[in-house]
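Trainee: Give me the fold of what follows.
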Amino acid sequence: MTTIIGISGSLRRESFNTALLRAAVALMPADIELEIASIQHIPLYNGDLEGEGIPAAVSALKDRIAGAAGLLLCTPEYNNSIPGVMKNAIDWLSRPADDIARVFGDKPVAIMGASPGPYGTQLSQNAWLAVLRTLRTQPWFGGRLMVARAGSAFNDQGDLVDEKVRGQLRQFVEGFSQVARSNRNAS
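Mentor: Prediction:
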């Protein structure tokens, strides 16, 4: 079984991005497992705290990402850029710097996102590219998924009800799954 780790950049209980990840789990090909990882227990980055040792929540997530064939970031867009909690998590995951190659090096990474606004998460997704380049990942450019007006794409229970978005999501996860599968086979 090929595993992809999915991370939502929102901590909100009724997050559209977490709901989008859950919908992706249901649409994955049979030989691909999408595991949703939480960043909820990752503390704010502090060099003094790092000096005392990498927090257990960070170490556990680093190991999960390092062992996965791919990473799927589901990013909100806050103030036309990357959400702080998600950037904070990635900053922790890249500490110490010697671990970057083990956790992120040549790892296929896909970005998708959902927003209540009319433009989806285009600016946030663009802002992530510099970070992914710095971490020496392999961003996947074979698809782009930006769910605009997410309040109408999901019902009150967080289920994806927009069939057009469901079709786009299916195409997106199938495309990225091929890349993750190839990465796993190359390892």
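Trainee: C-alpha only now, for contacts and for neighbours.
Mentor: Fine.
Trainee: For residue 161, give me phi and psi.
Mentor: In this entry, residue 161 is assigned phi and psi values of phi -110, psi -10 (degrees, to the nearest 10).
Trainee: let me fix that: residue 32
Mentor: phi -120, psi 130.
Trainee: go on, the one 4 residues further on?
Mentor: Phi and psi for residue 36, reported as degrees, to the nearest 10, are phi -90, psi 120.
Trainee: excluding its backbone neighbours, what's nearest it?
Mentor: Distances taken as Cα to Cα, 6 or more residues apart in numbering put residue 6 closest to residue 36, at 4.7 Å, once the chain neighbours are dropped.
Trainee: After the helix or strand that neighbour falls within, heading C-terminal, what element do we hit next?
Mentor: Secondary-structure element containing residue 6, defined by DSSP states H and E: strand 2-8. Per DSSP H and E, the first helix or strand lying C-terminal to strand 2-8 is helix 16-27.
Trainee: check contacts around the residue nearest to residue 36.
Mentor: If a contact means Cα atoms under 8 Å, 6 or more residues apart in numbering, then residue 6 has 21, 34-37, 71-74 as its contacts.
Trainee: For residue 121, see how far away it is.
Mentor: Distance check for residue 6 against residue 121: by Cα to Cα, to the nearest Å, it reads 17 Å.
Trainee: With residue 80 instead?
Mentor: Residue 80 is 8 Å from residue 121, where distance means Cα to Cα.
Trainee: Give me the more crowded residue out of these two.
Mentor: For residue 80 against residue 121, the residue with the higher neighbour count under other Cα atoms under 10 Å is residue 121, and the figures read 27 against 14.
Trainee: what sits against the more buried one?
Mentor: For residue 121, the contacting residues are 75-77, 112-115, 146-148, by Cα under 8 Å, 6+ apart.
Trainee: at 6 Å what do you get?
Mentor: With contact taken as Cα atoms under 6 Å, 6 or more residues apart in numbering, residue 121 is in contact with 77, 113, 146.
Trainee: follow-up on the earlier one: can you check what pLDDT the model gives the residue nearest to residue 36?
Mentor: In the prediction, the pLDDT value recorded for residue 6 is 98.
Trainee: What separation do you get for it and residue 159?
Mentor: Plainly put, residue 6 is 17 Å away from residue 159 if you go by Cα to Cα.
Trainee: again, but for residue 25
Mentor: Applying Cα to Cα, the value for residue 25 to residue 159 is 12 Å.
Trainee: Below-threshold pLDDT in the chain: ranges please.
Mentor: Judged by pLDDT under 70, the chain has its weakly predicted residues at 185-187.
Trainee: Good, we can wrap up now.
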